[in-house]
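[1] give me a 3D structure for the following:
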Amino acid sequence: METQTSCNTATLAPYIPTTENPWDMYKVQSLYAKLGFGEHRVIMNSALTKTPQQLVSELLTEARDMPLTPAPDWGYWNRAQFDNSANNYNYYRRQWYQQTIDDLLQNGLRERLTLFWSNHFVTELRGYFSPSYQFQYYRTLQTHALGNFKDFVHDIGLTGAMLLYLNGFQNREHSPNENYARELYELFTLGVNNGYTESDITETAKALTGWNHWSSPWSPIYFDTDTWDNDYKTIFGQTDRWKYDDVIDILFEEKGHLIAPFIARKLYKYFVSPDVNEGIVSELGQVLLDNNFELEPMLETLFLSAHFHDSTTQGVLIKSPVDLLLSFENTSGLTFNRFYNYQNLYRVYTTNLGQELYNPIDGAGWQADENWVDSNTIVLRWDYLDFIIDKFKQNSTDQFRNLALTMLGGNTNDHILVTKTIVNSFLARTLVQDSDYDEAIEVFKGEVPGNYYDNGIWDLYFDSVPDQVEGLLRYITKLPEFQLK
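    Below is the predicted model:
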C-alpha cells in the first residue's frame with residue numbers, strides 16, 4: 001500500500017504545551033502506548049506531574065541502562081547438549097517465548113525497540129530451529145536496541161540465527177550465496193533499488209564468504225579463511241580483497257546518506273504515523289548522520305518534538321496483536337492467577353492474530369497497521385479479550401472494583417464520572433462528543449435501579465461494581481477507538 005503524506009505540520013522543535021495542545025492524560029497515555037505497551041493509571045498520574053522533557057528523558061535513560069535479560073542455562077548450548085537434556089527442543093523455545101512475553105510486559109521502551117528490530121532484522125525461527133540461536137539473536141537485538149546502528153548491522157549479520165536463515169552459512173568461495181548480501185541492502189540498510197546494483201550484491205556476497213564453520217552444530221559460527229573468497233571485489237566503486245568487516249565499513253562510508261533516512265522513515269512509521277512527513281524524516285536522518293549512527297539522539301529528538309506530540313498523531317496507529325493484548329493487561333492492572341500460563345496464552349493468541357514472535361510472515365516482516373485487522377481478525381480480537389477478562393475474573397472478581405477505585409483515585413458515587421474515566425483510560429483520545437459516552441454509561445449502570453444513582457445509594461463499594469466494571473471493559477474492547485493507539 002502506498003504511503004500517504006502526513007497532515008502533521010508541526011516541527012521537530014521541542015514540544016511546549018499550550019491551551020490548544022495541552023500536556024494531559026491523553027498525551028501521557030499516548031506516550032506510554034507508543035514507547036512501551038501501556039501503563040497503569042497510577043504510573044500515568046505520577047508521569048503527568050513531570051514535564052514532557054523529564055518523562056521522555058527518564059524513559060530513554062531507563063531503556064539505555066536496563067540490564068540485559070539474563071541468559072538461560074541453555075543459552076549457548078550446542079545441539080548435542082540439547083539432545084542429551086531431559087527435554088525436547090520445543091520446551092526450550094517455548095521457555096524463551098515466555099521470557100520474551102514477560103520482557104515485553106515489563107520493560108517498556110527497551111522491549112518496544114527490541115520488538116521493532118525483530119521486524120527489521122528479520123529471521124524466522126523455523127529457518128534455523130536452534131533455541132540457543134534464538135536467545136542469542138534476541139540478546140543482540142536488546143544489546144543494540146538504542147545503540148549504534150552501524151555496530152548493530154555488523155553484529156546481527158554474524159548471529160547464528162541470521163547466518164542460517166539468510167544462508168550466510170552456505171556462502172563459500174566457489175559457490176557464493178547472494179541472499180544475505182541482497183537483504184543487507186534491500187531490507188536492512190538502503191531499501192529496494194536504492195543506491196546499489198546487482199554487481200554490488202554479487203561482489204558483496206563474495207566478500208561475506210567464510211562464515212560457515214562451527215565446532216559442532218549450533219555452536220558459535222566462526223570465520224575460516226579457507227572458505228573465504230580472497231579475490232579482488234569491487235563494492236560501491238572500491239576495490240580490494242574485501243571481507244565482512246570491510247563490507248560494513250564501505251556501506252556506511254559510501255551510503256550513509258541513504259541509510260539514515262531509510263531508518264528514520266521506518267522508525268517514523270512505527271512510532272508516529274503510517275502517513276509520513278518526508279521533511280521530518282529527512283531531518284531525523286540528518287540527526288542520525290550527525291551522531292555517527294547513534295540511535296538515541298535521533299529518537300530523543302523525535303520523542304521530545306512538537307511533531308511527535310501533535311494531536312494528529314494520537315489514535316492513528318492500529319495496535320498490533322502484541323500491543324492489543326499486553327497493553328490491556330498493563331493499563332487495567334488486572335492480573336491472572338499466578339499459576340496460570342498467561343505467556344503461552346499470549347503466544348498462541350498473537351500468533352493466531354498474525355504476529356507470531358520470532359516468526360514474521362516472511363523476510364520483509366509484518367507489514368503492520370491496516371494489515372493487522374480484517375473481518376476475521378477483528379472478531380478474534382474481541383473474543384480473545386473476552387477470554388482474558390474471564391481469566392482475570394477467575395483470579396479475583398474484586399480486582400475489577402480496585403481498578404475503578406484506582407482510576408478514580410478513591411470512592412465516588414458519580415457513575416458518569418466513573419464510566420468516562422475508565423473509558424478514557426483505554427483510548428488514545430477522548431470520544432468526539434459527550435453523547436458518544438451515553439451507551440457506555442448505560443452499559444455500566446447495568447441492572448442497578450436508577451434511583452440508587454439519583455439518591456446516592458450507589459458507590460464503588462456497592463456489591464454489583466465488579467460486574468459493572470467487567471461489563472464496561474467488555475464494551476470498551478469492542479469500540480473501534482480501542483483498536484488504535
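[2] pLDDT on stretch 199-211, on average?
    Confidence over stretch 199-211 (mean pLDDT, whole number) is 98.
[3] give me the distance from it to the chain's centre.
    32 Å (CA atoms, centre = their mean, to the nearest Å).
[4] swap in stretch 255-270?
    Chain-centre distance of stretch 255-270: 17 Å, with CA atoms, centre = their mean.
[5] kindly format the C-alpha coordinates of that stretch as CSV.
    C-alpha atoms of stretch 255-270 as CSV (Å, rounded to 0.1, in the frame of the first residue of the first chain):
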residue,chain,number,x,y,z
LYS,A,255,25.9,5.1,1.5
GLY,A,256,25.4,6.6,4.9
HIS,A,257,23.4,9.5,3.4
LEU,A,258,20.9,6.9,2.1
ILE,A,259,20.9,4.6,5.2
ALA,A,260,20.0,7.4,7.6
PRO,A,261,16.7,8.5,6.0
PHE,A,262,15.7,4.9,5.3
ILE,A,263,16.0,4.0,9.0
ALA,A,264,14.5,7.3,10.2
ARG,A,265,11.5,6.7,7.9
LYS,A,266,10.9,3.2,9.2
LEU,A,267,11.0,4.4,12.8
TYR,A,268,8.7,7.3,12.0
LYS,A,269,6.1,5.0,10.6
TYR,A,270,6.4,2.8,13.7
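[6] buried set for it?
    255-256, 258-270 (16 or more other CB atoms under 10 Å). To be clear about C-beta, it is placed using only N, CA and C from the backbone, and glycine gets the same treatment.
[7] secondary structure element for residue 253?
    Residue 253 belongs to helix 244-271 when assigned by DSSP states H and E.
[8] off-centre distance for that helix?
    20 Å.
[9] what packs against it?
    helix 149-156, helix 198-207, strand 238-240, helix 278-290, helix 295-303 (3 or more CB pairs under 8 Å, 6 or more residues apart in numbering; DSSP states H and E).
[10] avg pLDDT for the third one?
    In this case it means strand 238-240. With pLDDT averaged residue by residue, strand 238-240 scores 98.
[11] and the longest one, by the same measure?
    Here helix 278-290 scores 98 as its mean pLDDT.
[12] quick one: list the elements packing against it.
    helix 244-271, helix 295-303.
[13] could I get those as TSV with distance to residue 197?
    Output for those, formatted as TSV (distance: least, CB to CB, whole Å):
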stretch	distance to residue 197
helix 244-271	12
helix 295-303	28
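[14] any chance of the ones you listed in JSON lines, plus mean pLDDT?
    Conversion of the helices and strands packed on helix 278-290 to JSON lines gives the following (pLDDT from 0 to 100):
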{"stretch": "helix 244-271", "mean pLDDT": "98"}
{"stretch": "helix 295-303", "mean pLDDT": "98"}
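[15] where does the stretch 351-485 of the chain have low pLDDT?
    Regions of the stretch 351-485 of the chain meeting the criterion pLDDT under 70 are absent.
[16] what's the closest of the helices and strands packed on helix 278-290 to residue 133?
    Residue 133 lies closest, by CB to CB, to one member of the helices and strands packed on helix 278-290: helix 244-271, at 18.2 Å.
[17] where does the stretch 51-200 of the chain have low pLDDT?
    Across the stretch 51-200 of the chain (using pLDDT under 70), nothing gets flagged, so there are no ranges to list.
[18] quick one: the helix holding residue 253 to helix 149-156, angle?
    For the pair helix 244-271 and helix 149-156, the angle between their directions (axes from the mean of the first three to the mean of the last three CA atoms, to 10 degrees) equals 110 degrees.
[19] quick one: helix 244-271 to helix 295-303, angle?
    Our comparison of helix 244-271 with helix 295-303, counting by the same axes, to 10 degrees, yields an angle of 20 degrees.
[20] domains of the chain: list them as residue ranges, please.
    The record's domain parsing of the chain by automatic domain parsing lists 62-313, 396-483.
[21] tell me which of those lies nearest to residue 30.
    Comparing the domains of the chain by CB to CB, domain 396-483 comes nearest, at 5.7 Å.
[22] what sits against residue 110?
    By CB atoms under 8 Å, 6 or more residues apart in numbering, the contact set of residue 110 is 62-64, 66, 142, 145-146.
[23] pick out the most distant pair among those.
    62 and 142 (13.7 Å).
[24] which of those two has more residues huddled nearby?
    Neighbours around residue 62 and residue 142, counted as other CB atoms under 10 Å, are more numerous at residue 142. The numbers are 21 against 14.
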